[in-house]
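*Asks:* here is my input; please provide its structure:
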Amino acid sequence: MGLNEKELKELKEAKRLLENPGLAVKLTNALGAPIEQGFNMLPKKMGGAVKIATKTALEKAVGAAVMTMNQDSQPKASIFFHKAAAAASGAAGGAFGLAALSIELPISTVIMFRSIMDIARENGENIRSPSTLAAGLEVFALGGPNKDDDAGETGYYAVRTALSRTVGEAVEYLARKGAVDGTAPALVRLISTIASRFGIVVSEKAAASAIPIIGAAGGSLVNTLFMDHFQCMAKGHFTVRRLERTHGKEEIKRLYDQL
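*Replies:* Residues are numbered from 1 along each chain as shown. Here you go, the predicted structure:
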């Protein structure tokens with residue numbers, strides 16, 4: 001049976017969210033200044049700091065977020081609660097500038113991952129399932145296209161295909177062990193792969209925060225946009241997964257590509 005009118009509308013909205021411009025464009029529009037200005041102000045060694053910070057943040061997020069959530073409670077995702085929490089974290093980090101990235105980013109990432117899993121639960125996922133946990137991590141690799149991307153390599157299904165092997169290994173490990181261990185080789189490989197893509201978006205966030213006018217209030221705005229961006233990615237991703245469970249992955253991919 002094909003998609004009904006409601007499901008087709010949901011798939012269209014999911015594709016709109018997943019294939020829209022990336023965070024850099026949204027930050028530029030909100031701040032009224034190109035974030036390239038911020039990139040020019042970042043320290044030369046910032047790339048290394050971002051790489052370490054993103055990997056650490058994802059490792060902390062894996063265990064901390066899900067363990068505090070109840071699978072059966074609250075059917076609707078708390079979009080605004082998590083956005084407000086991220087804004088508060090951004091305000092605190094913005095007051096101390098780029099020096100606070102290594103402290104603020106893990107906090108923001110745990111809040112984001114909790115929101116991502118909240119959205120997964122709303123879409124009928126079991127947040128204790130290894131497959132859902134891995135799919136939640138995938139969201140951090142779905143940064144949305146930017147002006148330097150090759151669309152053939154960074155489209156939604158292209159990213160999922162590129163991650164499929166490492167995701168599969170992580171899911172198999174989690175299913176076998178029944179526990180989340182961020183130091184396990186299968187999870188380390190998945191987190192490292194995702195961190196390389198997540199780091200691009202974190203660098204854009206850092207560049208926006210480096211613009212002199214930002215400060216605490218601007219840090220709150222940047223983090224709100226940061227959270228909103230990944231909430232949109234999660235909503236699109238888990239809508240697609242929900243439709244795939246009903247109609248099959250190949251059919252949904254075929255329709256997605258046609259839209």
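*Asks:* so which elements touch the helix or strand where residue 9 lies?
*Replies:* Using DSSP states H and E, residue 9 sits in helix 5-18. Using 3 or more CB pairs under 8 Å, 6 or more residues apart in numbering; DSSP states H and E, the elements in contact with helix 5-18 are helix 215-247, helix 249-258. Where you see a C-beta, it was placed from the backbone N, CA and C, and this is true even at glycine.
*Asks:* switch the cut-off to 6 Å
*Replies:* Other elements packing on helix 5-18 under the criterion 3 or more CB pairs under 6 Å, 6 or more residues apart in numbering; DSSP states H and E are helix 215-247.
*Asks:* which parts of the helix it packs on are buried?
*Replies:* Of all the residues in helix 215-247, those buried under the rule 16 or more other CB atoms under 10 Å are 218-243, 247.
*Asks:* so how far is it off the chain centroid?
*Replies:* 6 Å (CA atoms, centre = their mean, to the nearest Å).
*Asks:* just checking, what packs against it?
*Replies:* Looks like helix 215-247 contacts helix 5-18, helix 23-31, helix 79-96, helix 101-122, helix 185-210 (3+ CB pairs under 6 Å, 6+ apart).
*Asks:* now the helix holding residue 9: mean pLDDT?
*Replies:* Looking at helix 5-18 alone, the average pLDDT works out to 96.
*Asks:* between helix 215-247 and that helix, find me the angle.
*Replies:* In terms of direction (axes from the mean of the first three to the mean of the last three CA atoms, to 10 degrees), helix 5-18 departs from helix 215-247 by 140 degrees.
*Asks:* which residues are in contact with helix 5-18?
*Replies:* With CB atoms under 6 Å, 6 or more residues apart in numbering as the test, helix 5-18 has contacts from 156, 232, 235, 236, 239, 240, 243, 256, 259.
*Asks:* count the neighbours of the spatially closest residue to residue 157 that is not a sequence neighbour for me.
*Replies:* Once flanking residues are discounted, residue 157 sits nearest to residue 253: 5.6 Å by CB to CB, 6 or more residues apart in numbering. For residue 253, the count of nearby residues is 16 (other CB atoms under 10 Å).
*Asks:* for residue 253, give its distance to residue 160.
*Replies:* Using CB to CB, to the nearest Å, residue 253 is found at 9 Å from residue 160.
*Asks:* try residue 126
*Replies:* Residue 126 is 19 Å from residue 160, by CB to CB.
*Asks:* show residues contacting stretch 157-174.
*Replies:* In contact with stretch 157-174 (CB under 6 Å, 6+ apart) are residues 130, 131, 134, 138, 141, 184, 186, 187, 189, 190, 193, 253.
*Asks:* so which of these is the most crowded?
*Replies:* For those, neighbours tallied by other CB under 10 Å; top is residue 190, 27 neighbours.
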